[in-house]
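Student: sequence plus the predicted model coming up.
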Amino acid sequence: MADFYNSDSEPTTRTLLRRVLDTADSRTPRRLRSAGAGAQRALLETPSSRRLNSGTKTTAKQHSHGARSIGRLAHFQVSGNLEEQTPRTLLKNILLTAPESSILMPETVVKPVPALQVVQPSRKESSRGSLELQLPEFEPPTTLAAGLPAPSRKKQRLRLSVFQQEVDQGLPHSQEHPGNADASSLTSSLNLSFATPLQPQSVKRPGLARRPPLRRAVDVGALLQDLRDDSLASAPSGDSLKTPIATLPTDTVLEDTQPFSQPLVGCSPSVHHFLPHPFPTGTEDAERAMGHGTQSSGPGLQNHKIIEAEDSQGTVEAEEPEGSSEDENTSDRPAELAASTPEFLQAKQLHPIPETAPPPGVAVLSSETLEPASARLPRKPRTAGSRPRQDSYKAGLNHYIKLFSFYAKMPMERKAFEMVEKCLDKYFQQLCNDLEVFAAHAGRKTVRPEDLELLMRRQGLITDQVSLYVLVERHLPLEYRQLLIPCAFSGNSVFPAL
Amino acid sequence: MEEEAEAEEQERFSYQQRLKAAVHYTVGRLCEEVALDKEMQFSKQTIAAISELTFRQCENFAKDLEMFARHAKRSTINTEDVKLLARRSNSLLKYITEKSDEIAQCNLERKARKKKKSEDGNKSSRETAEAEAVDSED
């Protein structure tokens, strides 16, 4: 045995495992414990000592892991014959799948390999303990954070989104997208009520009512992309600015804020060209309001789901604001949310056209604006402006159309999609126009939360009985409530008294 | 107390009913005119529906106007508020803006006349004679 090891000039984990496979005998652990222990120790010591002498950190790690694994493998190999998946077979699989790399190769190449190998031996060790030899092979290790490439992360995110979608499927119809797209606004002559207010939903499923607006995340991404496209395209005409869906601000309740942070960085150079705008809660991809940091996105979002903090997007203009309070109220979230919303809002403001639109007050970014926008309102559609912009807006609407088709639970014709898109477009344009007009009516050039409140009042979401704060409390997650309601913490008493 | 509230409510209700009746009557008259013009008949239910609709819409208008005035931080309803209310339908908006312009012009003229009167009172008649002479020369 010693000669065997000495002859090996570059002992890698692979070779060591191979040796184990070749030399291990099938015996029961109990009989051979006393006999095997000594052999195992010898095995462990020689490889480990050899490895330590090699010098490289990674390799040492590898070796140590390998030594451990080998020792344990040898120990368990004896008992493995009885089961289908034996350590031997597992090792074989590892050997087959693990890439062969020498210790002396550059770090970049070695890193992923040792990482994987380290993971596998560790897994084996853990499984050994329970005698469950069911090691998943080459599963993207969730434990390895540093070594994981970006795509795996995205996969995880996608899975999360899939999960969310599945969860959303379980939600009642009222929270459908159509509701979001066209908030069942009772405004004047437009009766595009696609969905009833989400109030019953929140009652039925209080636990699920706080669903993070997954859509928001997508919308923001699409919005940012649109922003990039717009910035690349010719300077937009001075049409009314479409506020991106706040929603997403409210929407800002992004489950995963990472994707947004990156795009925001990318858009930062173009940001200074534009005026800041508040966060639309809901949908982002919808058209961007020009010139107005309108919170239309907010109300739209709220309106979608009737202020369900990401509630029915349909109820209020924006889809996103469903403001569904999300269950995840980890300590990290609030900070992230707060940070993401302002970022989000800033991104939304990118749309205003510098030429025509007077610099909208940045004040729009106030938390109040977030509220209506909270993911509610998809970006307001723009009035017929330059062609390239229109396309980007249409792309933004596609998101809502998809939601619509999803909630319809029936196959939809192309014409139906077009009609829905038309309706959404008109609806959002109307919302944006209204906000613009309201602001002008008050002698202002910036859209402020008061304008949004007036809009919501006209839509019938806010009545004498139901105030804005009530809606915020009903539909938005807790973090937004703190942001939007000035005195959210007042009047709280601790019970029992400390 | 309760009786008073009830009586008051009843009074309001009866008042409302009277208003509705008035609206209904006016709508009926208008429909008659339109029927004569288009040579089509209006059924009673139609007229009733239209009058009910008008009444409710008037309530909405009133609330909206009040909201708009408050939004502009005013305590009186202005023509601007009315224009904001009517912006949905283009023809109506156009009509209203025309009318409002007319009214504004009338007001301006009245103001000008008032100013002139006061000025004439202060000025001597010579100036007016000179002005007339100048005009006649032209």
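Tutor: Structure received.

Student: tell me, how many residues neighbour B:Arg88?
Tutor: Residue neighbour count, defined by other CB atoms under 10 Å in any protein chain shown, stands at 14 for B:Arg88. From N, CA and C alone the C-beta is placed, and that goes for glycine too.

Student: mind checking the SS state of it?
Tutor: Classification of B:Arg88 using DSSP: H, G, I helix; E, B strand; the rest coil returns coil.

Student: phi first, then psi, for it.
Tutor: Main-chain torsions, B:Arg88, degrees, to the nearest 10: phi -70, psi -50.

Student: next SSE downstream of the lengthiest helix in chain A?
Tutor: Assignment by DSSP state H gives helix A:414-441 as the longest helix of chain A. Using DSSP states H and E, the next helix or strand after helix A:414-441 towards the C-terminus is helix A:449-459.

Student: in the chain, where is pLDDT below threshold?
Tutor: No chain specified, so I'll use chain A. A:1-10, A:24-84, A:98-394, A:486-498 (pLDDT under 70).

Student: not quite, I wanted chain B
Tutor: Where chain B drops to pLDDT under 70, the residues are B:124-138.

Student: coming back round to it: tilt between the longest helix of chain A and helix A:449-459?
Tutor: On the basis of axes from the mean of the first three to the mean of the last three CA atoms, to 10 degrees, helix A:414-441 is oriented at 130 degrees to helix A:449-459.

Student: report whether helix A:414-441 contacts chain B.
Tutor: Yes. With CB under 8 Å from any CB of the partner chain as the measure, helix A:414-441 is seen reaching chain B through A:437-438, A:441.

Student: check which helices and strands that helix sits against.
Tutor: Where contact means 3 or more CB pairs under 8 Å, 6 or more residues apart in numbering or on different chains; DSSP states H and E, helix A:414-441 is packed against helix A:177-181, strand A:241-242, helix A:297-304, helix A:387-408, helix A:449-459, helix B:44-71, helix B:79-85.

Student: quick one on the thing from earlier: which PyMOL command selects the buried ones in the residues of helix A:414-441 next to chain B?
Tutor: Buried residues within the residues of helix A:414-441 next to chain B, by 16 or more other CB atoms under 10 Å in any protein chain shown, are selected in PyMOL with:
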select buried, chain A and resi 437+438+441
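
Student: list just the nearest of the residues of helix A:414-441 next to chain B to chain B.
Tutor: A:His441 (5.4 Å; CB to the nearest CB).

Student: kindly reformat the helices and strands packed on helix A:414-441 as CSV containing mean neighbour count and distance to B:Lys99.
Tutor: Formatted as CSV, these follow (neighbours: other CB atoms under 10 Å in any protein chain shown; distance: least, CB to CB, whole Å):
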stretch, mean neighbour count, distance to B:Lys99
helix A:177-181, 35, 37
strand A:241-242, 36, 32
helix A:297-304, 51, 32
helix A:387-408, 21, 36
helix A:449-459, 26, 24
helix B:44-71, 14, 16
helix B:79-85, 19, 9
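
Student: those into TSV, with extra columns for distance to B:Ser14?
Tutor: What follows is these, written out as TSV (distance: least, CB to CB, whole Å):
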stretch	distance to B:Ser14
helix A:177-181	41
strand A:241-242	49
helix A:297-304	38
helix A:387-408	48
helix A:449-459	30
helix B:44-71	15
helix B:79-85	29
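
Student: can you list the residues of chain B near chain A?
Tutor: Near chain A, the residues belonging to chain B are B:64, B:67-68, B:71-73, B:80-81, B:84, B:87-89 when assessed by CB under 8 Å from any CB.
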